[in-house]
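Colleague: Sequence and predicted model, in that order:
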Amino acid sequence: MKMIFKNINILDENFEIMEGGYLATESGKISYVGEKKPNEKFDREIEGRGKLIIPGFVNSHCHLPMSLLRGYGESMNLQDWLFTKIFPFEEHLNGEAIYYGTLLSLAEAIKFGITSTSDMYYFMDEIAQAVTESGAKANISRSVSHFDNSDFMSSFRAKEMIDAYEKYHDTADGRLKVDMSLHSEYTTTPIAVRQLAEYTKTINGRVQVHVSETEKEVKECIQRHGMTPVEYLNFHGVFDVPTTAAHCVWLQNGDYDILKEKNVTVASNPISNLKLASGVCNLGKLLDRGINVAIGTDGVASNNNLNFVEEMKIFAISSKMMYNTPEKVTPIDTLKAATINGAIAQGRMSTGLIKEGYCADLVVMDIDKPYMKPVHSVQNNLVYSAVGNDVEMTIVDGNILYEKGEYKTIDIEKITFKAEEITKEILAKI
């Protein structure tokens, strides 16, 4: 379908505002961006007065099925939260629970303008099915742990990881990609880390991993290996392939050099880290070093939503306070972290910007609101004043997935009913 937005404000490829412009899409791509309407016929023309069109948000770290744990296990530190609440609940998950939990998160993500998600979990068949049906994009990964010194590649977790890659990578017209994934240093032994890194090299793949999320994690890693988690993962070859390192809250000075040299993307999850009292990532220092920084929500269990506009604001302000650097992490830094930087982390080199020829992964927001006035800077207002419900339309590859409260690909009533039903059944077993 050929579609054009007219008289709309556009966040262009330089992250500047084109006022009252025109943006056209065709065959899943952005076909035109300019100040004048092209002399063509379109299947649909959309009036854009009072609206803003931006690149779709890229959620660079999430656990989609964990929507089922929303509000379960509160006011706890990370380790207690994981071992007394999360892991016992997860023991009762099955394919059906994963499928509906994933769809529930994707519905929420689409509503808040997230067009692509990097995800770590398990039950890959059900997650792949949910992503494919939703119309969204995702880099999914089978998160693995390995607690002994046996051959990792012979383990069922490794086999599930490889099976998922062979079945689903670059499927759903390229919307679905499969990455490799280590849960963390503290849940894997060196043999697993090395073997996963070596396998990922052979397929020219990518890795997702939790890194330096808590002070306890870093101290215990140094006690075990004489290295920080960043040094440890680098030593075993993980960073020799494109890697997204989630959290990176407790980085040591030498860690920044490694992350920069190895072109690792840091996926900051500010709300989750604040809620679990894990700490605050030093975003200003990362950006000063030229490290690619993206934004993640983490799972709903520790957030407790996928409101990406809310996440952007906390991303922009938390590091300012913690490190007394009010001049760092600007609105433009934040918008890049929410879009193009996340696309780079996923290896999606033709999305994340509003640019002719790029994928039509787009979000339309209503900026004609009292809390968005006056307009000294649209970008500043978008980061500091906007709210998630300002999203009116979410588009992936030129297909409208959500418009003014209506889902085009998801049966929201069925999904919410099933998610609640399944959650009650699991709680009755614990």
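Modeller: Yep, that arrived.

Colleague: List the contacts of the residue nearest in space to the middle of the chain.
Modeller: Closest residue to the average C-alpha location of the chain: N59 at 1.9 Å, with Cα atoms, centre = their mean. By Cβ atoms under 8 Å, 6 or more residues apart in numbering, N59 lies in contact with 109, 114, 116-118, 295-297, 306, 308, 342. Every residue, glycine included, has its C-beta placed from N, CA and C.

Colleague: Looking at neighbours, which among those is most surrounded?
Modeller: Highest neighbour count within the contacts of N59, by other Cβ atoms under 10 Å: G342, with 34 neighbours.

Colleague: what's the closest non-adjacent residue to that one?
Modeller: With sequence-adjacent residues excluded and distances taken as Cβ to Cβ, 6 or more residues apart in numbering, G342 is closest to V58, at 2.8 Å.

Colleague: What is the neighbour count of K36?
Modeller: So K36, with other Cβ under 10 Å, has 8 neighbours.

Colleague: For the closest residue to it other than its chain neighbours, give the beta-bridge partners.
Modeller: Once flanking residues are discounted, K36 sits nearest to Y22: 6.7 Å by Cβ to Cβ, 6+ apart. Beta bridges link Y22 to G34, judged by DSSP bridges.

Colleague: start at 568 instead
Modeller: Okay, using 568 as the starting number, the last item reads as Y589.

Colleague: ok, Y589 - contacts?
Modeller: Per Cβ under 8 Å, 6+ apart, neighbours of Y589: 571-575, 599-605.

Colleague: Closest one of those to N661?
Modeller: F572 (42.8 Å; Cβ to Cβ).

Colleague: Am I right that that closest one sits in a strand?
Modeller: Yes - under DSSP: H, G, I helix; E, B strand; the rest coil, F572 sits within a strand.

Colleague: show me the residues around it that make contact.
Modeller: So F572 contacts 589-591, 613, 615, 618, 620, 931 (Cβ under 8 Å, 6+ apart).

Colleague: Can you show me the helices along the stretch 618-767 of the chain?
Modeller: Here the stretch 618-767 of the chain has its helices, by DSSP state H, counting those that start in this stretch, at 645-648, 654-657, 662-678, 691-701, 723-735, 757-769.

Colleague: Using CSV, lay out the ones you listed together with distance to D746 and mean pLDDT.
Modeller: Output for these, formatted as CSV (distance: least, Cβ to Cβ, whole Å; pLDDT from 0 to 100):
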stretch, distance to D746, mean pLDDT
helix 645-648, 23, 86
helix 654-657, 20, 94
helix 662-678, 16, 99
helix 691-701, 11, 99
helix 723-735, 8, 98
helix 757-769, 8, 98
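
Colleague: Pop the domain breakdown of the protein in here.
Modeller: Per the TED database, the structural domains of the chain span 569-622+919-974, 632-913.

Colleague: start to end distance for the longest one?
Modeller: Its start and end residues considered, domain 632-913 measures 20 Å (Cα to Cα, to the nearest Å).

Colleague: before we move on, what about the shortest one?
Modeller: Domain 569-622+919-974 has an end-to-end distance of 20 Å (Cα to Cα).

Colleague: Ok, stretch 578-592 next?
Modeller: Across stretch 578-592, the terminal residues are separated by 16 Å (Cα to Cα).

Colleague: So which bits of that stretch are buried?
Modeller: 578-580, 582, 584-585, 588-592 (16 or more other Cβ atoms under 10 Å).

Colleague: so which of those comes closest to E733?
Modeller: Closest to E733, out of all of these and judged by Cβ to Cβ, is T592, at 32.5 Å.

Colleague: doesn't D964 make contact with the closest one?
Modeller: No - look at T592 against D964 with Cβ atoms under 8 Å: they stay out of range, at 9.0 Å.

Colleague: Now D964: phi and psi?
Modeller: phi 50, psi 40 (degrees, to the nearest 10).

Colleague: ok so, going back, what is the nearest of the contacts of Y589 to L671?
Modeller: Checking the contacts of Y589 against L671 with Cβ to Cβ, the nearest one is F572 at 29.4 Å.

Colleague: how far away is the closest one from V930?
Modeller: Separation of F572 from V930 (Cβ to Cβ, to the nearest Å): 12 Å.

Colleague: thinking again about what came up before, narrow the contacts of N626 to those in strands?
Modeller: 681, 683-685, 862 (DSSP state E).

Colleague: and which of those is nearest G972?
Modeller: For the ones in strands among the contacts of N626, the nearest to G972 is I681 (16.5 Å; Cβ to Cβ).

Colleague: Can you show me the strands along the stretch 768-917 of the chain?
Modeller: Ranges of strands in the stretch 768-917 of the chain, per DSSP state E, counting those that start in this stretch, are 774-778, 810-814, 832-835, 860-862.

Colleague: CSV for those strands, including mean pLDDT and distance to S710?
Modeller: Formatted as CSV, these follow (pLDDT from 0 to 100; distance: least, Cβ to Cβ, whole Å):
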stretch, mean pLDDT, distance to S710
strand 774-778, 99, 8
strand 810-814, 99, 11
strand 832-835, 99, 14
strand 860-862, 99, 18
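
Colleague: Single out the most deeply packed of those.
Modeller: strand 832-835 (a mean of 30; mean count of other Cβ atoms under 10 Å).
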